[in-house]
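1. any chance you can model this:
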Amino acid sequence: MYDQDATIESAAAYSAGTQYGSRGEAGAAASQLQQQQRQQTYRELPLYSRSMKSGWSWRTLTRTRTLCQLLAGLVALTVIFHAASCGFFFCIRFPRALEFPHDMYHDIRDIYILAGGPRWMSRANLEVDKSPKLIPRIIHQTYKTSSIPSNLKVLMHSWRQQNEDWEIRFYDDEACLRFVRWEFPEYLEAYQALANNIERSDFFRYMVVLRSGGVYADMDVECRKPLNSLIMPRDTLIVGWENEFSSAEEARNRKYVRKRQVLQWTFAAAPGHPALRDMCDHIARSVDRKFSGNNNFDTLERTGPGAFTDFILKHAKLHPLSKKDDPWNVRVLPKVQFGVHPMGLDDMGPDSPDIAVQHHFVGTWKKKGGWGIARQLSPARLVKRLLAYLFDVEEEDEDVVEEEDGALPIMESALPFDRQAKQLYPVSITWQPPFTMLLDLKGHGDLQAESDIAASLTAWGRWQPALAPGRGPSVAEALVGSLGGKDAERRVLVDVGAGNGYFSLAAAARGHDVIAFELSNASLASFEASTAYNGFQKAIILHKVPLGHADEEVCIESQIGHMRLAALETSRGYGHPQVHNRSALGANCVRTAQRRRGASLVPEDVEVGALRVSVTGWDGWVLEGLRDLMLRNNTPPPGVVLLELQPAAVRQSGYEGGALGLLRRMHSWGYTDVSHSGAVCDERWHNITRSIRLRGAIPMATQEALKQPTWCTLPPDKFEVVVARAPSKLPENILFTYKAPSAPARSPQALSGVDMAHYPAASNISRSSSSVSGMSEPFAAEGTVAASPAVPVRGPSGLSIAAAGA
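-> Sure, this is the predicted structure:
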């Protein structure tokens with residue numbers, strides 16, 4: 001550009017020189033000098049300059065040309081990449097010769113492409129079970145075409161990343177049709193007659209797993225854990241709970257068609273499972289059937305999770321785990337394994353380490369309703385809600401589709417048990433080895449420690465009093481783990497206040513015997529059904545009585561006027577002493593029970609390895625009734641005792657000495673190694689580490705040492721602190737380990753004959769942490785905080801987890 005301007009100036013000067021003749025040479029020299037000066041001036045101009053002759057124009061420096069060329073090359077590569085991968089912006093269809101072959105399925109390695117290459121995550125491969133399984137190592141996925149968006153390819157790659165030894169098969173719509181025509185000609189007409197591709201996709205997933213076995217996964221599902229660690233050798237059908245609701249109305253408002261519903265974006269099965277055959281037959285029969293006036297509900301009932309839930313529950317009932325020779329078992333995983341929403345709905349975050357697969361809901365099929373969170377939070381919807389709130393106008397619900405009268409969706413079309421009986425649902429418990437519990441619907445079962453145990457087990461597959469389900473070492477592992485693993489010597493767990501049997505069933509699953517005590521009808525229904533379902537009848541002895549310090553008849557339900565007092569703890573036999581006083585209530589007592597001394601129901605020749613007491617304040621009276629067991633001379637006392645201690649309730653029960661006296665009495669009986677977990681343990685940890693945590697810039701080694709423990713050590717001088725600081729409604733878990741008596745054992749008649757004088761005076765925990773350094777040594781020196789119970793708790797393999805940390 002600049003050279004052209006200079007040439008024009010030079011040509012003008014030359015023309016003038018020839019015109020005026022005698023001044024030609026001088027004019028040429030002047031023109032040449034002017035050209036050199038102009039070129040020098042151009043070199044000093046900025047990138048964008050304003051020419052006197054041509055106005056605004058682009059002035060590009062030579063040194064930027066390479067950068068511009070590189071940028072253009074990167075843009076071109078980006079365009080080619082998106083065109084090749086059919087990404088978010090556009091999709092270019094390749095010539096026929098370059099398309100992926102339309103076969104029965106494609107190997108996933110032929111089609112996944114990741115920007116930046118594969119992302120490998122470290123995994124504990126030694127924990128993965130690679131033993132032979134009845135479910136084949138095949139993963140099935142399907143999409144409408146072979147041109148898969150890049151965001152889905154990332155999720156597809158997670159299945160290869162976590163399951164390197166599995167075969168992955170991909171099917172597009174043409175391959176699906178070819179598969180049905182070849183493998184299931186009896187279903188071909190129904191398959192083609194379905195109203196939309198969503199229903200055909202549902203139908204295909206059941207057929208492909210029915211024929212080939214393996215795992216089906218939607219394209220927008222991410223694999224978080226190796227399937228080998230999830231699938232047991234004898235499993236033949238694995239599904240997961242998606243959600244549960246306390247009523248049909250609540251489920252309907254959330255666009256579900258079952259109060260408790262399984263999901264089908266991921267499931268696994270062995271070839272030929274009868275539940276899948278029944279599901280396929282149902283779809284073939286229901287192609288033209290109208291279930292409601294809503295197309296979404298019709299899809300859920302025809303091919304979706306509504307009908308799938310019915311057949312899962314049907315076959316869970318027909319094929320219980322107690323039938324050892326029946327191969328067609330059904331394992332329904334808790335919600336956390338397959339059903340956590342990526343936005344953290346229902347108090348379950350997407351970062352939980354228990355998540356096995358994560359559904360990302362990239363493509364939702366429902367026209368209205370469903371999860372629909374983005375739509376619910378859209379600016380237009382938020383403005384409408386604000387106006388409705390400010391002007392007290394009822395907001396129009398755009399998500400609800402008008403339905404025909406009398407065409408409401410069916411909420412329970414097939415129940416796992418008799419319709420006249422209590423409705424219970426199977427949940428595979430997160431335990432090694434796993435077992436199944438039959439649980440109440442959310443809000444319909446008993447509470448313990450202010451917690452809906454059934455809801456916690458359905459969501460997380462585990463439960464522990466007054467603690468988050470995922471914290472560990474868990475209370476169950478500390479208690480049952482002390483008995484040893486499945487191959488250890490059979491030892492007995494005595495479970496007082498067993499509730500729905502979670503601890504008892506966990507011990508039985510590891511091969512231990514159990515003597516359990518429970519009186520509540522609601523808990524007993526679940527406990528007894530779960531025992532029979534797993535075939536644990538020989539391992540568990542269940543006494544339907546409350547325990548105390550003496551044999552006596554007590555009232556467990558009373559009626560005053562027209563009001564019936566039947567609180568949960570009263571019906572269990574562990575309410576306020578006045579409501580159990582049969583003689584005082586007289587005719588107002590409408591139901592009684594026989595309270596027993598526990599020692600009379602535990603045979604003398606039985607070696608009790610662990611004792612759990614969950615009786616809402618009656619701990620002291622129950623232990624007095626078990627005093628002969630605790631002080632036996634012919635057999636060792638229980639090695640571990642777990643109390644779910646509520647000091648306020650202990651005081652209410654009238655126990656002499658209260659909770660503090662109870663702790664000191666246990667110490668005098670030889671239980672000198674004590675740990676606790678719960679609100680007081682958490683408070684102690686926060687107090688001790690407060691100044692360190694507020695200091696900032698903590699080294700990595702110190703951060704690991706400051707990791708919050710589940711268990712704290714409890715020396716005798718801290719007994720009073722625990723009693724004083726414990727919440728009134730929530731228990732503190734106190735774990736006693738037998739070492740040696742600290743005082744001579746008293747006679748059984750001396751219920752309160754323990755001298756308290758030799759115990760050190762209780763001292764409050766300092767809320768200042770100035771004396772605690774940044775390392776972990778002061779914790780051990782002070783003896784206040786431990787990463788886990790001081791007792792070496794044996795896990796499934798017999799290894800100690802005493803130093804495992806939180």
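2. any weak-confidence spans in the stretch 451-600 of the chain?
-> Along the stretch 451-600 of the chain, the model assigns pLDDT under 70 to residues 485-488, 560-566.
3. quick one: the helices in it?
-> 453-460, 475-481, 502-509, 521-534, 568-572, 577-580, 582-585 (DSSP state H, counting those that start in this stretch).
4. format the ones you listed as JSON lines; extra columns: mean neighbour count.
-> For every residue, glycine as well, the C-beta is placed using N, CA and C. Output for the helices of the stretch 451-600 of the chain, formatted as JSON lines (neighbours: other CB atoms under 10 Å):
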{"stretch": "helix 453-460", "mean neighbour count": "24"}
{"stretch": "helix 475-481", "mean neighbour count": "26"}
{"stretch": "helix 502-509", "mean neighbour count": "26"}
{"stretch": "helix 521-534", "mean neighbour count": "21"}
{"stretch": "helix 568-572", "mean neighbour count": "21"}
{"stretch": "helix 577-580", "mean neighbour count": "17"}
{"stretch": "helix 582-585", "mean neighbour count": "14"}
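5. looks like residue 452 contacts residue 443 (just checking).
-> Yes. Contact criterion CB atoms under 8 Å: residue 452 and residue 443 qualify, at 6.7 Å.
6. can you map out the helices along the stretch 151-300 of the chain?
-> Under DSSP H, counting those that start in this stretch, the stretch 151-300 of the chain gives helices at 173-183, 185-193, 197-212, 227-230, 248-253, 274-285, 295-302.
7. who are the packing partners of the last one?
-> In this structure, helix 295-302 makes packing contacts with helix 197-212, helix 305-318, judged by 3 or more CB pairs under 8 Å, 6 or more residues apart in numbering; DSSP states H and E.
8. okay if I get the ones you listed as JSON lines plus mean pLDDT?
-> Compiled in JSON lines, these are given as follows (pLDDT from 0 to 100):
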{"stretch": "helix 197-212", "mean pLDDT": "97"}
{"stretch": "helix 305-318", "mean pLDDT": "96"}
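9. closest to residue 608 out of those?
-> Shortest distance between residue 608 and the helices and strands packed on helix 295-302, using CB to CB, is found for helix 305-318: 34.1 Å.
10. just send the helices and strands packed on helix 295-302 back as CSV, with mean neighbour count too.
-> CSV is the format used below for the helices and strands packed on helix 295-302 (neighbours: other CB under 10 Å):
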stretch, mean neighbour count
helix 197-212, 22
helix 305-318, 22
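11. residue 569 is nearest to which of the ones you listed?
-> Among the helices and strands packed on helix 295-302, helix 305-318 comes nearest to residue 569, with 32.1 Å by CB to CB.
12. mean confidence for whichever helix or strand comes after that closest one?
-> The helix or strand immediately downstream of helix 305-318 is strand 331-333, counting by DSSP states H and E. The pLDDT scores in strand 331-333 average 98.
13. please tell me how far the residue nearest to residue 155 when sequence neighbours are not counted sits from residue 595.
-> Distance criterion CB to CB, 6 or more residues apart in numbering; nearest residue to residue 155, sequence neighbours excluded, is residue 222 at 4.8 Å. Using CB to CB, to the nearest Å, we find residue 222 at a distance of 53 Å from residue 595.
14. out of these two, which sits in the busier spot?
-> Neighbours were counted for residue 222 and for residue 595 using other CB atoms under 10 Å; residue 595 has more, 24 against 20.
15. next, count neighbours for the closest residue to that one other than its chain neighbours.
-> Nearest residue to residue 595 in three dimensions, chain neighbours excluded: residue 548, at 4.4 Å (CB to CB, 6+ apart). When neighbours are counted by other CB under 10 Å, residue 548 registers 22.
16. wait, what's in contact with residue 548?
-> 554, 595, 596, 597, 618, 621, 622, 625 (CB atoms under 8 Å, 6 or more residues apart in numbering).
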